[in-house]
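Student: Sharing a model prediction with you, sequence too.
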Amino acid sequence: GSGLYTERDTHNITHVTPAGAKDTAGTVPNVSGTDGEGGLLGLEISPTFTSDHWLYVYHTSPSDNRIVRIKYENGKLGTEQVLLTGIKRNKFHNGGRLRFGPDGKLYAGVGDGQNGDNAQNLDSLNGKILRLNQDGSVPSDNPFPGKYVWSYGHRNVEGLAFDSQGRLWEAELGNSVMDELNLVKKGGNYGWPACEGTSGSCGNSSYVKPIRTWPVSDASPSGLAIVNDTLFMAALRGERLYRMKITGSTTDTPKAYFQGTYGRLRTVEPSPDGGLWLTTSNGDKDSTGNNSNTQILHVALN
């Protein structure tokens, strides 16, 4: 029932108990901030952790964004393996969310690196959802042979979550008009930069339409979690948690909770007791560690 979390700007991975006691597992090597959104980002635990002890980590380095895996044994970080390099870094839009699918593959959300053209370029790793084997190789059944790309045309991927049917849902930050909730299709093109939500040049029939959109002031979505086929989406600028029951290939009307109560909400994850862990993201807009008042909240579902 304990957990692990990354801190973007200290570059530490920390262990926390259900009682809230914390201890540092270690500092991830070769992490670099960007005076913005880069640093130590996504964290995912191996689906076979009890036998292999791997943690999968997405982080910014001095030259790129990359995905690595690190042994976590006896409460401390150990051996590291670099799995994927060459994801372009920038001050913003680095991406970083990691999620293992029911197929045992690792999915990674990558921002466009503040260059919309990257999102439509299949030779770029940016503006994509990537799919990797656990050893970092390209799965043979990816939609574009020899490429990590699973879907493309994304601006700034934030949340990833799988439902009971094995379908991947994604929360995405828009530019200034609309944020998106997407149901991700293998090889799908989500339209950025021509199309933002349902605005812009969205007439191309090959673009996959979003399931839900919000004005950016109401959302700026971040983390995404699914419990009992109900989506929970954390919102930064919107300062709320959205709840949406999955119905077929869409959702019921989103309902907002905690609006303005805890400030910006960054990450939502299923907790071991059937509830949620919810993190805030307040007071930190740079790459300096220990200058925010971020909290991890435990939320019951009923």
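Tutor: Okay, I see it. Numbering: from 1, shown residues only.

Student: tell me the mean pLDDT for stretch 102-117?
Tutor: Throughout stretch 102-117, pLDDT has a mean value of 98.

Student: Revised request: answer the last question for stretch 123-141.
Tutor: On average, the pLDDT along stretch 123-141 is 98.

Student: Also stretch 60-76?
Tutor: For stretch 60-76, the per-residue pLDDT averages 98.

Student: Offset the numbering so it begins at 187, please.
Tutor: All right, first residue 187 from here; so that's stretch 246-262.

Student: Just the buried positions in it, please.
Tutor: Within stretch 246-262, the residues scored as buried using 16 or more other Cβ atoms under 10 Å are T246, S247, D250, N251, R252, I253, V254, R255, I256, Y258. Quick note: C-beta positions are derived from backbone N, CA and C, even for glycine.

Student: Which strand residues bridge the fourth one?
Tutor: Taking DSSP bridges, one finds T246, I273 as the beta-bridge partners of N251.

Student: picking that back up, tabulate the buried residues of stretch 246-262 (CSV), appending distance to G424.
Tutor: What follows is the buried residues of stretch 246-262, written out as CSV (distance: Cβ to Cβ, whole Å):
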residue, distance to G424
T246, 26
S247, 31
D250, 31
N251, 26
R252, 30
I253, 29
V254, 32
R255, 33
I256, 33
Y258, 34
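
Student: which among those residues gets closest to E455?
Tutor: Y258 (17.2 Å; Cβ to Cβ).

Student: re the thing from before, now, the most widely separated pair of the buried residues of stretch 246-262?
Tutor: Every pair of the buried residues of stretch 246-262 checked by Cβ to Cβ; the farthest is D250 and Y258, at 23.7 Å.

Student: ok so, going back, between the buried residues of stretch 246-262, which is nearest T436?
Tutor: Once Cβ to Cβ is applied, the member of those that ends up nearest T436 is I253, at 31.5 Å.

Student: can you pull out the helices in this structure?
Tutor: 235-238, 303-306 (DSSP state H).

Student: can you list the residues that contact the first one?
Tutor: Helix 235-238 is contacted by residues S232 when judged by Cβ atoms under 8 Å, 6 or more residues apart in numbering.

Student: Stretch 338-355: end-to-end distance?
Tutor: One end of stretch 338-355 sits 14 Å from the other (Cα to Cα, to the nearest Å).

Student: how about low-confidence regions in the stretch 287-436 of the chain?
Tutor: In the prediction, the stretch 287-436 of the chain carries no residues with pLDDT under 70.

Student: so how far is A380 from the residue lying farthest from the centre of the chain?
Tutor: Relative to the centre of the chain, the most outlying C-alpha is that of G389, 28.0 Å out, by Cα atoms, centre = their mean. Distance of G389 to A380, computed by Cβ to Cβ, to the nearest Å: 9 Å.

Student: my guess is G461 meets N488, correct?
Tutor: No. If you go by Cβ atoms under 8 Å, G461 and N488 don't touch, sitting 9.1 Å apart.

Student: I'm done for today, thanks for sticking with me.
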